[in-house]
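J.: any chance you can model this:
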Amino acid sequence: MGKPHGSQPSGSQPSGGKRLREVRLRVRLTAGLAALVTAIGLGALSGATPAGAAGTTLAGLASARGRYFGTELTQDLLSDSTVTAIAGTQFNMVTPGNEMKWDTTEPSNGSYNFAPGDAIVSFAQQHGMEVRGHNLVWYSQLPSWVSSLPTSQVQAAMESHITTEVSHYKGEVYSWDVVNEPFNDDGSYRADAFYNAMGSGYIADALRTAHAADPNAKLYINDYNIEGEGAKSDALYALVQSLISQGVPINGVGFESHFIVGQVPATMQANMRRFAALGLDVAVTELDDRMPLPATSADLAQQATDYATVVDDCLAVSRCVGISQWGVGDADSWIPGAFSGYGAATMYDSGYQPKPAYNAVVAALGGTGGGGGTGGGGTGGCTAAYTETQQWSGGFNGQVTVTAGSSAITSWTSTVTMGGGQVISASWNGNATWNTAGNVMTMKSSYNGSLAAGASTTFGFTVQTSNGDYAAPPVTCTTP
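T.: I've put the predicted structure just below:
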């Protein structure tokens, strides 16, 4: 995970500037979500995210543009079916949050633990995803034994660690963040254990060592506050120029991109271009876009604009290979734990429903509509997303979330089309009509028609199925 983005408001950095360990603040059961569980049962969460057809998912749309769209996962989330359903459907690249860092993989000198990282790799392989290895050399989440070594022993320890870990994952990892966050914001080098022992030459040594262990893996330097042009990105640019001139194997630069709403650097695309012009790939590696809580419709709309801007910048640079969001949804984001009073930083809300940012990304990638799963769609005025909330032998309950676009709306109409053998038998939270076969429902808003920009409402319905068909129905949304 990256450090807080440098454009943060005064006082928003963790106390004393100390880098917070990536501890998940998984505020799963907020009051509203707990009420939902009580009302409709745990089945509502286990099926909260319908699968998407490949051509309509973030991964599918990005692949069509020659890019990947990834996410970050930690091992504890692999037991959460809601999270894994989204991750395995919407994304085609995964970055382990902590499982490949030094304090996990080699907590004591020469004693390795790859089981957590192996679990992430296994999940990725089961879902046809690639893996970004994160990370090999970093000043943070570094076991104390490394920092306690005499300087004469640090290089050997670093080389041994890199060789052992990269060899373990040889052929299974697409790229490695070989060196993570080597610079201070003013462009000077961090005085960590590696720099103190070897000077800036530790970076070249780390890259050469990783390449020797897996010549086919892409090798990156990853950092934050380098997204726009400035002192820190200038220092990194000079470094990679020097590495290239020395013949050091380096393939890419990772832009962490931990933003605050409304503060995506205007020079991000130009900055990507200058690194790409050196013959390097660039990637957005840890994207999120935080805002003060509670989130407002204006901030959610701005977040949608910010996400779309990042996608547009990447698409405009041929060597921008992909984008990864840091976390799947707001409930598993690191932001609330690092920035008091801030959150709502991802494309999915705390209940794992898609936000306006999701729809903006879909549109930026060339898709139509949105909603985060099969059948989601809509006009520019609103979008609709389907969720199955309960299932039993012979039927199920469904819910549709209608979300206003970038402008407020006063009414909406949603259509739900069931498959053969599925018949709608009841509905609520709107004015519904359905065709004579009972398999196409048109729901018009009632008391819930007026929505602020980015705001959502829901309606529900019951379906009887005569042939065991529980498939998610396509849903659409239109405004007058």
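J.: can you give me the helices for the stretch 151-300 of the chain?
T.: Along the stretch 151-300 of the chain, counting by DSSP state H, counting those that start in this stretch, helices occupy 151-168, 193-198, 201-213, 231-245, 268-276, 297-315.
J.: residue 414 bridge partners, please.
T.: Taking DSSP bridges as the rule, residue 414 bridges to residue 443, residue 477.
J.: let me know the pLDDT of it.
T.: Looking at residue 414, its pLDDT is 90.
J.: now it: how far from residue 365?
T.: Distance of residue 414 to residue 365, given as C-beta to C-beta, to the nearest Å: 23 Å. Where C-beta positions appear, they are placed from N, C-alpha and C, glycine not excepted.
J.: again with residue 242
T.: 35 Å.
J.: so for those two, which residue has more residues nearby?
T.: A direct count of neighbours by other C-beta atoms under 10 Å for residue 242 and residue 365 places residue 365 higher, at 24 against 13.
J.: isn't the more buried one up against residue 65?
T.: Yes - with contact defined as C-beta atoms under 8 Å, residue 365 counts as touching residue 65 (6.1 Å).
J.: which residues do the two both contact?
T.: Residues within reach of residue 365 and of residue 65 at once, by C-beta atoms under 8 Å, 6 or more residues apart in numbering, are residue 315.
J.: would you turn the helices of the stretch 151-300 of the chain into TSV with mean pLDDT and distance to residue 129?
T.: What follows is these, written out as TSV (pLDDT from 0 to 100; distance: least, C-beta to C-beta, whole Å):
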stretch	mean pLDDT	distance to residue 129
helix 151-168	98	19
helix 193-198	98	31
helix 201-213	98	21
helix 231-245	98	28
helix 268-276	97	24
helix 297-315	94	19
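J.: could I get the ones you listed as CSV with distance to residue 419?
T.: Output for those, formatted as CSV (distance: least, C-beta to C-beta, whole Å):
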stretch, distance to residue 419
helix 151-168, 46
helix 193-198, 58
helix 201-213, 50
helix 231-245, 52
helix 268-276, 44
helix 297-315, 32
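J.: stretch 96-109: which residues count as buried?
T.: 96, 97, 98, 99, 100, 101, 102, 103, 104, 105, 106 (16 or more other C-beta atoms under 10 Å).
J.: follow-up on the earlier one: quick one: which of the helices of the stretch 151-300 of the chain is nearest residue 78?
T.: Closest of these to residue 78 is helix 151-168, at 19.3 Å (criterion: C-beta to C-beta).
J.: now do the contacts for the residue nearest to residue 100 when sequence neighbours are not counted.
T.: Nearest non-adjacent residue to residue 100, counting by C-beta to C-beta, 6 or more residues apart in numbering: residue 117, 4.6 Å away. Counting by C-beta under 8 Å, 6+ apart, residue 117 touches 96, 99, 100, 104, 105, 169.
J.: how about the residue nearest to residue 480 when sequence neighbours are not counted, secondary structure?
T.: Nearest residue to residue 480, sequence neighbours excluded (C-beta to C-beta, 6+ apart): residue 411, at 6.1 Å. Secondary structure assignment for residue 411 (DSSP: H, G, I helix; E, B strand; the rest coil): coil.
J.: do the same with residue 142
T.: Applying three-state DSSP: residue 142 is coil.
J.: excluding sequence neighbours, find me the nearest residue to it.
T.: Spatial nearest neighbour of residue 142, excluding adjacent residues (C-beta to C-beta, 6+ apart): residue 102 at 5.4 Å.
J.: and the one you found, how far from residue 157?
T.: According to C-beta to C-beta, residue 102 and residue 157 sit 10 Å apart.
J.: so what are the domain limits for the chain?
T.: The chain breaks down into these domains under automatic domain parsing: 58-364, 377-478.
J.: what's the most buried one of those domains?
T.: domain 58-364 (a mean of 20; mean count of other C-beta atoms under 10 Å).
J.: that domain spans what distance, first to last residue?
T.: End-to-end distance for domain 58-364, by C-alpha to C-alpha, to the nearest Å: 10 Å.
J.: again, but for stretch 336-354
T.: Start-to-end span of stretch 336-354 (C-alpha to C-alpha) is 19 Å.
J.: please apply the same query to stretch 442-457.
T.: End-to-end distance of stretch 442-457 (C-alpha to C-alpha): 16 Å.
J.: hmm, who's touching it?
T.: 297-298, 300-301, 304, 353, 355-356, 382, 400-416, 427, 429-434, 459, 461.
J.: pLDDT (mean, whole number) over it?
T.: Averaging pLDDT along stretch 442-457 gives 89.
J.: please state the offset of that stretch from the chain centre?
T.: 28 Å (C-alpha atoms, centre = their mean, to the nearest Å).
J.: can you name the next helix or strand after the helix or strand containing residue 425?
T.: Per DSSP states H and E, residue 425 falls inside strand 422-428. Next helix or strand after strand 422-428 toward the C-terminus (DSSP H and E): strand 431-434.
J.: name every strand pairing with that following strand and say which way it goes.
T.: Applying DSSP bridges to the sheet, strand 431-434 is found paired with strand 440-444 (antiparallel).
J.: orientation of the helix or strand that comes right after the partner strand relative to helix 297-315 in degrees?
T.: Scanning forward in sequence from strand 440-444 by DSSP H and E, the next helix or strand is strand 456-465. Put simply, strand 456-465 runs at 80 degrees to helix 297-315, going by axes from the mean of the first three to the mean of the last three C-alpha atoms, to 10 degrees.
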